[in-house]
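Engineer: all I have is the shape, not the residue letters:
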Ligand SMILES: Nc1ncnc2c1ncn2[C@@H]1O[C@H](COP(=O)(O)OP(=O)(O)OP(=O)(O)O)[C@@H](O)[C@H]1O
């Protein structure tokens, strides 16, 4: 039998004459099914490439507790420049109409505008939770003439990569450093390779990687593409260069076909949402083209230096074990005996428990033996502080409430749900906040933009929250619903990491409870605001009629004067005094009006005092501030949360 090592480096075996059996390498499989990794059409490929590179950079900077500084540049490569890059002589077409992709300049302009419009509509529908199809691939896909090409560069100040590992990290599908039981954005060992596979498919150009690790006096430079058939890196250059600036981090550059026109708003939306969930990062986003008015430069500034703690690697929970896993753990363990194995490979099994378990192994062994849930200590949620700060900084709502749930478990994996609900703020195209529910989803601190309708967060917000009972009008108010889920295993549907299904009851109910907690906080505030508004309205109405009422009062008095003069009726002393004052000008219409207004003011302030006394406020109006639970104070700081700001006090 061939050794597995030997088999790995060979091309998948050719089928024998009489056999129908075929084999595929993982790279081939994903090249043929690139849509399952989020590479559906050129526009989506551009979006997913940016996403994969940014998320790798964030994972890398956070793994060394470095405040992320990430520069993303998308450079529009004009056609003749692209042709010279791939060594194609730029030649004018002689018979334009011979080409399948022939399109007049006017038709092209019209098509692009239509595609952009459809994109906007799709984004709007998505924000309302309506299910719709992904944008259709542009018509020019059948021919290459209309294709657009971009150089995507992502530079970070992260850990960098060991020199010798780089070719496999980028040139072998299903290889990575994030397979362990640890909360990371990346998981499958696929994303960067998909960008390379797409570049190979659409442009034939290799990927460039520069990387330096802390303390290295050299920079690793690697230019490679991928041998798709054999799933191995095909190295063009792999060398050490001078690290003159002594910087650490990585810079990845890839040239791909894309469609900026149709995916511009998705990419910018992604960056903004990333800034919401990562307010401790600085992102510099640039789109550069020869047409200067198409250029975009956006700096998402860092607003805090406080990063969530580094997620810890954890062990398997006994309830997550299956036969395959236990076999692998037995093969890989360094422990010599069963007692040590149980203690070392799983969470929540101490020595005495392990001994009891072993004692139980036998016909009476019960699989239902209770275990404590795994703790959430290994997770690194964004934190209420960061979530609130991110929402305030990017969306400027009128009210915001946040909540961080405690760790829970599904299939042996711990998870934490955090939520924020905001109300009001400006209608905003870039941050995509419109009237109605605007749903923002994050998983392991990645914004999720696609497949909104099927996601657990959207479904929960639309179907399981009774917004009216919290005095929130779900169709007219501008409501932001932010839900961030972190876990050692995010149950994404598909490798494209686009949504979390609605079928895991533990997650669905944790999401519901987190949103409800936010709504309860908001309701108190909204009710107070409504009462204050009603009172103001009442006062305005009363004051508005003061002029008419004063006129009517004076009219009555004047009639009484006439009756008195004609001696038809005798008035008592008090009434006579008033009529006397009216005739001597001591009472005028203006004076009556002023008295009425004064009275409204007085009643208003008395009511306000009564309201304040009833609601327990004795002085100036106050803002509610929320203090985090005291357990969290172990971290050496205490957060004070208000709808308008967050204070973090360090000891
Ligand atoms: N900017 C970077 N800095 C440091 N290491 C990186 C960087 N980009 C990629 N890597 C390394 O390359 C590996 C492969 O990356 P890739 O994007 O293919 O997969 P992944 O991030 O592990 O998982 P996923 O497919 O879920 O994104 C990563 O696990 C990481 O170790």
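Structural biologist: Thanks, I have the structure now. Treat the numbers as computed from the prediction; the structure is a model and nothing was measured.

Engineer: from here on, contacts and neighbour counts on C-alpha atoms
Structural biologist: Noted.

Engineer: helices of the stretch 551-651 of the chain, start to end?
Structural biologist: For the stretch 551-651 of the chain, the helices defined by DSSP state H, counting those that start in this stretch cover 573-583, 589-614.

Engineer: do you know which of those lies nearest the ligand?
Structural biologist: helix 589-614 (54.1 Å; CA to the nearest ligand atom).

Engineer: near the ligand, which residues of the chain?
Structural biologist: Proximity of the chain to the ligand, by CA under 6 Å from any ligand atom, involves residues 52, 56-57, 60, 158-161, 169, 176-178, 186-193, 250.

Engineer: phi, psi of the closest residue to the ligand within the stretch 501-650 of the chain?
Structural biologist: Residue nearest to the ligand within the stretch 501-650 of the chain: residue 501 (17.5 Å; CA to the nearest ligand atom). The phi/psi pair for residue 501 (degrees, to the nearest 10) reads phi -60, psi 170.

Engineer: residue 237 too?
Structural biologist: Dihedral angles (degrees, to the nearest 10) for residue 237: phi -140, psi 140.

Engineer: who is the most centrally placed residue in the chain paired with across the strands?
Structural biologist: Centroid-nearest residue in the chain: residue 447, 3.0 Å away (criterion: CA atoms, centre = their mean). Listed beta-bridge partners, residue 447: residue 442 (assigned using DSSP bridges).

Engineer: for residue 282, same thing?
Structural biologist: Bridge pairing for residue 282 - DSSP bridges - gives residue 69.

Engineer: quick check, pLDDT for it.
Structural biologist: Residue 282 carries a pLDDT value of 96.

Engineer: what's the neighbour count on it?
Structural biologist: Applying other CA atoms under 10 Å, we find 19 residues neighbouring residue 282.

Engineer: I figured it hits residue 305, correct?
Structural biologist: No - Residue 282 lies out of contact with residue 305 (CA atoms under 8 Å); the separation is 10.4 Å.

Engineer: distance of the residue sitting furthest away from the middle of the chain from residue 558?
Structural biologist: Distance from the C-alpha centroid of the chain peaks at residue 567, with 83.6 Å (CA atoms, centre = their mean). Residue 567 is 14 Å from residue 558, where distance means CA to CA, to the nearest Å.

Engineer: do the same with residue 382
Structural biologist: In terms of CA to CA, residue 382 sits 73 Å off from residue 558.

Engineer: more neighbours: which of these two?
Structural biologist: Neighbour comparison, residue 382 and residue 558: the larger count goes to residue 382, with 25 against 15 (by other CA under 10 Å).

Engineer: hmm, who's touching stretch 226-242?
Structural biologist: 9-12, 24-28, 31, 167-168, 170-173, 196-197, 200, 217-225 (CA atoms under 8 Å, 6 or more residues apart in numbering).

Engineer: make it 7 Å
Structural biologist: The contact list for stretch 226-242, computed with CA atoms under 7 Å, 6 or more residues apart in numbering, reads 10-12, 25-28, 167-168, 171-173, 217-225.

Engineer: what's the burial count for the residue of the stretch 401-550 of the chain found nearest the ligand?
Structural biologist: Going by CA to the nearest ligand atom, the ligand is nearest to residue 495 of the stretch 401-550 of the chain, at 7.4 Å. Around residue 495 there are 16 other residues, counting by other CA under 10 Å.

Engineer: so is it in a helix, a strand, or just coil?
Structural biologist: Secondary structure, DSSP: H, G, I helix; E, B strand; the rest coil: residue 495 is coil.

Engineer: how about it, nearest residue that isn't a chain neighbour?
Structural biologist: Closest residue to residue 495 apart from its sequence neighbours, by CA to CA, 6 or more residues apart in numbering: residue 37 at 5.0 Å.

Engineer: check residue 296 too.
Structural biologist: That would be residue 287: by CA to CA, 6+ apart, it lies 4.9 Å from residue 296.

Engineer: got a list of what the one you found touches?
Structural biologist: 73-75, 295-297 are the contacts of residue 287 under CA under 7 Å, 6+ apart.

Engineer: how about 10 Å then?
Structural biologist: 72-76, 150-152, 260, 264, 294-298 (CA atoms under 10 Å, 6 or more residues apart in numbering).

Engineer: among those residues, which lie within strands?
Structural biologist: 72-76, 150-152, 296-298 (DSSP state E).

Engineer: could you single out the nearest of those residues to residue 337?
Structural biologist: Closest approach to residue 337 among the ones in strands among the contacts of residue 287 (CA to CA): residue 72, at 50.7 Å.

Engineer: didn't residue 481 look like it was pressed against residue 440?
Structural biologist: Yes - counting by CA atoms under 10 Å, residue 481 does reach residue 440; the two are 6.0 Å apart.

Engineer: picking up where we left off before, quick one: buried ones out of the contacts of stretch 226-242?
Structural biologist: 11, 25-28, 167-168, 171-173, 217-225 (16 or more other CA atoms under 10 Å).

Engineer: quick one on the thing from earlier: restricted to buried residues, select the residues of the chain next to the ligand in PyMOL.
Structural biologist: To isolate the buried members of these in PyMOL, using 16+ other CA under 10 Å:
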select buried, resi 52+56+57+60+158+159+160+161+169+176+186+187+188+189+190+191+192+193+250
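
Engineer: please narrow the residues of the chain next to the ligand to those residing in helices.
Structural biologist: Using DSSP state H to define helices, the subset of the residues of the chain next to the ligand located there is 52, 56-57, 60, 169, 191-193.

Engineer: pick out whichever of the residues you listed sits closest to residue 312.
Structural biologist: Closest to residue 312, out of all of these and judged by CA to CA, is residue 60, at 14.3 Å.

Engineer: do I have it right that the closest one meets residue 157?
Structural biologist: Yes - the pair residue 60 / residue 157 is scored as a contact, 8.2 Å apart, by CA under 10 Å.

Engineer: what sits in contact with each of these two?
Structural biologist: 66, 68, 249-250.

Engineer: reformat the residues you listed as JSON lines; add pLDDT.
Structural biologist: Shown next, in JSON lines, are the shared contacts of residue 60 and residue 157 (pLDDT from 0 to 100):
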{"residue": "66", "pLDDT": "95"}
{"residue": "68", "pLDDT": "97"}
{"residue": "249", "pLDDT": "97"}
{"residue": "250", "pLDDT": "97"}
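
Engineer: closest one of the residues you listed to the ligand?
Structural biologist: Closest to the ligand out of the shared contacts of residue 60 and residue 157 is residue 250 (5.0 Å), distances taken as CA to the nearest ligand atom.

Engineer: which strand or helix spans the closest residue to the closest one other than its chain neighbours?
Structural biologist: Of all residues beyond its chain neighbours, the one nearest residue 250 is residue 211 (4.3 Å), with distances taken as CA to CA, 6+ apart. Taking DSSP states H and E as the criterion, residue 211 maps to strand 207-212.

Engineer: coming back round to it: of residue 481 and residue 440, which one has the most company?
Structural biologist: Ranked by neighbour count (other CA under 10 Å), residue 481 and residue 440 place residue 440 first, with 25 against 22.

Engineer: show me what contacts the more buried one?
Structural biologist: Counting by CA under 10 Å, 6+ apart, residue 440 touches 127, 273, 276-277, 419-421, 432-433, 447-449, 452, 457-458, 480-484.

Engineer: swap the cut-off to 8 Å and go again
Structural biologist: Per CA under 8 Å, 6+ apart, neighbours of residue 440: 273, 447-449, 480-483.

Engineer: ok, now residue 181?
Structural biologist: Residue 181 sits next to 313-316, 488-489 when contact means CA under 8 Å, 6+ apart.

Engineer: would CSV of the residues you listed with secondary structure, pLDDT and distance to residue 549 be doable?
Structural biologist: Formatted as CSV, these follow (DSSP: H, G, I helix; E, B strand; the rest coil; pLDDT from 0 to 100; distance: CA to CA, whole Å):
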residue, secondary structure, pLDDT, distance to residue 549
313, coil, 84, 76
314, coil, 87, 76
315, coil, 87, 79
316, strand, 87, 79
488, coil, 90, 71
489, coil, 89, 71
